[in-house]
Structure formats: C-alpha cells, structure tokens
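Asker: dropping a prediction and its sequence here:
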Amino acid sequence: MGPFPPPLQQVFQAPRRPGMGTVGKPIKLLANYFEVEIPKMDVYHYEVDIKPDKCPRRVNREVVEYMVQHFKPQLFGDRKPVYDGKKNIYTVLALPIGNEKVDFEVTIPGEGKDRIFKVSIRWLAVVSWRLLQETLVSGRLQVPMDSVQALDVAMRHLASMRYTPVGRSFFSPPEGYYHPLGGGREVWFGFHQSVRPAMWKMMLNIDVSATAFYKAQPVIEFMCEVLDIRNIDEQPKTLTDSQRVRFTKEIKGLKVEVTHCGQMKRKYRVCNVTRRPASHQTFPLQLESGQTVECTVAQYFKQKYNLQLKYPHLPCL
C-alpha cells in the first residue's frame, strides 16, 4: 500500500471579530458549552456506499455495525470506525485497502427473512486534527471544515447508536414521566449536540430538546385516540367514510407488529386502510386441492389460526 497524499483542506473563512466590549462592567456567565480536547493526530476518511440505497440512517448504521463485527480481524482490527449514517466513515488507522474500492456482502437477520446488503468502501482523504488544533491556537481565520466535520461525526457516533436521532438531537423513550399529546402521540425529551470552533479551542454545545413521537400501543387504542372514541365496545358499527379517511391519514406509513404468529414477530409498514370491514373484506385463497375461493379476512383467521376476531366490523390494514 503506497503512501497517502497530504490532507485536503476545505477551509471556512471565519468572520473577523471587530473587538472586545469596552462599555459596562465585566461579569462571569455560565454557558452550556464544553471544551473539546482534540487529539494531535490524523484520521482517515472513507466513503461508504450501501445497496439498496435510500435506507434510513438507522438501517445504514446497523449494516455498518454488522460489517465491522464480521470483518473486524482482517479489516478494522481493534479500532472501531465512526460513521455519520450516510456516506462517511472515519478511522484512526488506515484500512489495509490502499486507494482501491473494496466490496462486501453483509447479511442482517430480519423478521423471518435475512436482509442482504452490498457495501462498497473507498478511501477519500487524510483529515488532520493536528492542523485544526494549530489553526485554533494560532488564531487564524481559515478553519479546516473537513476536520470539524470529522470531529462532529466522532462526537455524535456513540449517541447515534444508543438513542433515537432526529436532526441534530437525540431522544430516548420516556422513563418515569408521561406527557401525552393526544392523537396517539407523546413527548420525548432529549438533547441537542453540535461541535463548533471558538476562540483558541473547539467547543461542544449541548442543550435540552423535546419533540413528539408516536406512542407504542395496540392499533385499536391508537385508532380510538385519533377518532376520539372513548370506548371501542361502544362502536358496534363499521367506521364512517370520514373516520376511515382520518384514521388512514394518521396511520399510513407507520410500522405495526403482528402478534398472531407466535414467537415470530413480524413488522409491516401500513400503506392503506381497507374500505370494507374484516367481516366483508375478501381475497382469493388457494386451497390445498389447488382450487381458489373467495375468503373473508375474518374467516381466514378463524380457519388458519383458530382466532375469532374481536372487532370484525372494523377495517383491515
């Protein structure tokens, strides 16, 4: 493997400060900024490409984590890389791939079916944290932004694996508190994090954040919250068209987990809500004899799983 070229310098021209305050009395303030000690070292920047693409960052992180575990002895050694969930990986030691692109196949166990991903890694650049530190200490205005980006990814990596990231904030499920918002939603609290260059040093800014999440609950309870139904047993009739449209708008795109398959927990993303209830919604069912008959959803659950639907008058997902 040949030597790496010198670090590429993508710089940010910081605005020059006009001067210090001269009027009034100096006071001390406490701020939610914390000094970051930068190691005097270079890190190695690689581009990662995952197929199929357009996966959520959560899935991408899972793929990279499995890849690191599986190819650790021959590729990553004892040092784990940091990953931004998209295209960028940073390592403290150069990977033994030189400047060539290498391809991997990563298999992740899924709900009933394994998922196979194609992963490609290629070297991009050497990023100098030493240069970033020297720039800050000297007071120069040209801040190397590639070094700042690498530091930000490193500071966010562990939190991204432990918590639920939303934008530049991280959240965790409620523990010891409950703040319902109605409509099947609740408040999650977390923190906002960003790394910023300041005078002579890098600073980590941390602040409290809050946002709305869908509650983890049975679909029936979610529907009741959305449609303001106090007691589902008092809803003996099928949903009206306006109720169905309203419910569809809220649940479309959400993931649900079915519970009738025993130990095998399968998750599906909702794409629509049927117009007809389960007692009338039919589909073609092929019998063991090869004959195809029309069967209602309610009949199928009774015949296949010996389950009597509790709410056959409600629509299907």
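Answerer: Yep, that arrived.
Asker: tell me where the stretch 51-200 of the chain has helices.
Answerer: 57-70, 129-138, 145-162 (DSSP state H, counting those that start in this stretch).
Asker: residue ranges with poor pLDDT in the stretch 1-150 of the chain?
Answerer: 1-17, 111-112, 141 (pLDDT under 70).
Asker: do a quick rundown of the strands in it.
Answerer: 11-13, 33-36, 42-51, 82-83, 88-91, 102-108, 115-128, 142-144 (DSSP state E, counting those that start in this stretch).
Asker: enumerate every residue touching the most centrally placed residue in the chain.
Answerer: In the chain, the C-alpha nearest the mean C-alpha coordinate belongs to Arg58, at 3.5 Å (C-alpha atoms, centre = their mean). Remark: with contacts taken as C-beta atoms under 8 Å, 6 or more residues apart in numbering, Arg58 is in contact with Gly85. Placement of C-beta: from N, CA and C, glycine included.
Asker: how much space is there between it and Thr296?
Answerer: 37 Å (C-beta to C-beta, to the nearest Å).
Asker: before we move on, the earlier item: any idea which of the helices of the stretch 51-200 of the chain gets closest to Met20?
Answerer: Proximity to Met20 (C-beta to C-beta) singles out helix 129-138 among the helices of the stretch 51-200 of the chain, at 18.3 Å.
Asker: when you compare where the closest one runs with where helix 145-162 runs, what's the angle?
Answerer: Counting by axes from the mean of the first three to the mean of the last three C-alpha atoms, to 10 degrees, helix 129-138 lies at 110 degrees to helix 145-162.
Asker: from the contact counts, what lies against helix 129-138?
Answerer: With contacts defined as 3 or more C-beta pairs under 8 Å, 6 or more residues apart in numbering; DSSP states H and E, the packing partners of helix 129-138 are strand 42-51, strand 142-144, helix 145-162, strand 201-214.
Asker: re earlier: can you say which of the helices of the stretch 51-200 of the chain is nearest to Arg244?
Answerer: Taking those one by one with C-beta to C-beta, helix 57-70 is closest: 30.6 Å.
Asker: chain center to that closest one: distance?
Answerer: 12 Å (C-alpha atoms, centre = their mean, to the nearest Å).
Asker: okay, buried residues for it please.
Answerer: Within helix 57-70, the residues that count as buried by 16 or more other C-beta atoms under 10 Å are 59-64, 66-68.
Asker: what does stretch 98-106 give?
Answerer: Neighbour-count burial for stretch 98-106, counted by 16+ other C-beta under 10 Å, picks out 102, 104, 106.
Asker: endpoint to endpoint, it covers what distance?
Answerer: One end of stretch 98-106 sits 21 Å from the other (C-alpha to C-alpha, to the nearest Å).
Asker: setting aside sequence neighbours, what's the nearest residue to Pro165?
Answerer: The shortest distance from Pro165 to any non-neighbouring residue, by C-beta to C-beta, 6 or more residues apart in numbering, is to Arg57 (7.0 Å).
Asker: and that neighbour, how far from Val166?
Answerer: 10 Å.
Asker: Arg140 now?
Answerer: 35 Å.
Asker: next one: Met67
Answerer: The value you get for Met67 to Val166, if C-beta to C-beta is used, is 25 Å.
Asker: and what of Lys304?
Answerer: 39 Å.
Asker: was I right about Tyr90 contacting Asp42?
Answerer: No. Assessed by C-beta atoms under 8 Å, Tyr90 is found out of contact with Asp42, at 10.4 Å.
Asker: which neighbours do the two share?
Answerer: Common neighbours of Tyr90 and Asp42 (C-beta under 8 Å, 6+ apart) are Val127.
Asker: hang on, the earlier thing: mind putting the helices of the stretch 51-200 of the chain into TSV with distance to Gln291?
Answerer: Formatted as TSV, the helices of the stretch 51-200 of the chain follow (distance: least, C-beta to C-beta, whole Å):
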stretch	distance to Gln291
helix 57-70	41
helix 129-138	70
helix 145-162	52
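Asker: looking at those, which is nearest to Thr240?
Answerer: That would be helix 57-70 among the helices of the stretch 51-200 of the chain, by C-beta to C-beta, at 36.6 Å.
Asker: got the angle between the closest one and strand 102-108?
Answerer: 110 degrees.
Asker: now the angle from helix 57-70 to strand 115-128?
Answerer: Helix 57-70 runs at 80 degrees relative to strand 115-128, counting by the same axes, to 10 degrees.
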